[in-house]
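Student: predicted model and sequence follow; I will ask about them next.
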Amino acid sequence: MKILFISDVYFPRINGVSTSIRTFVKQMQAMGHDVHLIAPDYGKKTEDDAWIKRIPARKIYFDPEDKLMKFGAVIDTLSDLRKEKYDLIHMHTPFVAHYLGLKLAHLLDVPCVETYHTFFEDYLHLYLPIIPKPIAKALARLISQRQCNKVDAIVAPSQPMLHVLREYGITTKGEVVPTGLQAHSFEKADGKAFRAKYGIEQDRPMALFVGRVAFEKNIGFLLQMWVHLIKKMPN
């Protein structure tokens, strides 16, 4: 199949959506699919640029780490994209990418699916603090419902996420497709050497958190639970 991914975020911007997209694209390409991506231009090259079309983008004042593709630049790409004869459009974010995907799927008369990566109702008020939390949550639910009911299928990374989307009133066909891990990334790991380097006994339990320091990672909750865990397991 010839598949087009569209996202409002990708490397060099580091987050879970970027990682998920790269993981799926690499695996799909290995299976023989022709997969391409449309993403914002951050002004930096990445290892994946051979299969990425970068769109001029502007900074977001309340979220300076991210960029938003310029709508005019997106419209300018439609003519070229129509010539590519994609079999499937797959959107990964609900901003410019969502509306470009819908438009392109309509022009090509092909299915479009969307992955719901982020639990927006819990985080929208953190990025837009001028909006009261109850209103932000309701707004996130309403927008999610309207957007997801306009695509042919939705993809959720977990069953609880799909359950939440059903509670929103989303009736579109849905599938759970967890983001996998690149196992080869851990092949050279040496647990004994790590323990020896940092003076940790071989039988002492260890825990590891890997992620960004950001609101949506809920690190505060992790630290609270860690306090209780240490009381039960002092070692």
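Tutor: On my side now, so go ahead.
Student: return the least confident helix or strand in the chain by mean pLDDT as CSV; C-alpha atoms alone will do.
Tutor: None of the helices or strands of the chain scores lower by mean pLDDT, DSSP states H and E than helix 124-127, at a mean of 78. Taking Å, rounded to 0.1, in the frame of the first residue of the first chain, the C-alpha atoms of helix 124-127 are listed here in CSV:
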residue,chain,number,x,y,z
LEU,A,124,-5.6,21.3,27.6
HIS,A,125,-6.1,23.7,30.6
LEU,A,126,-2.3,23.4,31.4
TYR,A,127,-1.4,24.8,28.0
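Student: hmm, who's touching that helix?
Tutor: Helix 124-127 is contacted by residues 62-63, 131-133, 136-137, 139-140, 215 when judged by C-beta atoms under 8 Å, 6 or more residues apart in numbering. (C-beta placed from N, C-alpha, C; glycine too.)
Student: mind giving me the domain split of this structure?
Tutor: What automatic domain parsing lists as the domains of the chain is 2-176, 189-232.
Student: picking up where we left off before, report the buried members of the contacts of helix 124-127.
Tutor: Burial by neighbour count, 16 or more other C-beta atoms under 10 Å: within those this picks out 136-137, 139-140.
Student: any idea where the helices of the protein begin and end?
Tutor: 16-30, 71-82, 96-108, 124-127, 133-148, 159-167, 191-198, 219-232 (DSSP state H).
Student: pick out the shakiest of those, pLDDT-wise.
Tutor: Mean pLDDT is lowest for helix 124-127 out of the helices of the chain, coming in at a mean of 78.
Student: returning to that earlier point: a markdown table for the helices of the chain, including distance to S7?
Tutor: Formatted as a markdown table, these follow (distance: least, C-beta to C-beta, whole Å):
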| stretch | distance to S7 |
| --- | --- |
| helix 16-30 | 6 |
| helix 71-82 | 12 |
| helix 96-108 | 5 |
| helix 124-127 | 18 |
| helix 133-148 | 14 |
| helix 159-167 | 18 |
| helix 191-198 | 34 |
| helix 219-232 | 25 |
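Student: hey, which of the ones you listed is tucked in deepest?
Tutor: Comparing the helices of the chain on average neighbours per residue, with mean count of other C-beta atoms under 10 Å, the densest one is helix 96-108 at a mean of 20.
Student: per-residue pLDDT of I60, please?
Tutor: The confidence metric pLDDT takes the value 88 at I60.
Student: can you pull the contacts of E216?
Tutor: Applying C-beta under 8 Å, 6+ apart, we find E216 in contact with 118-119, 122-123.
Student: redo that, cut-off 10 Å
Tutor: E216 makes contact with 15-16, 118-120, 122-123, 126-127, according to C-beta atoms under 10 Å, 6 or more residues apart in numbering.
Student: that concludes my questions; thank you for your assistance.
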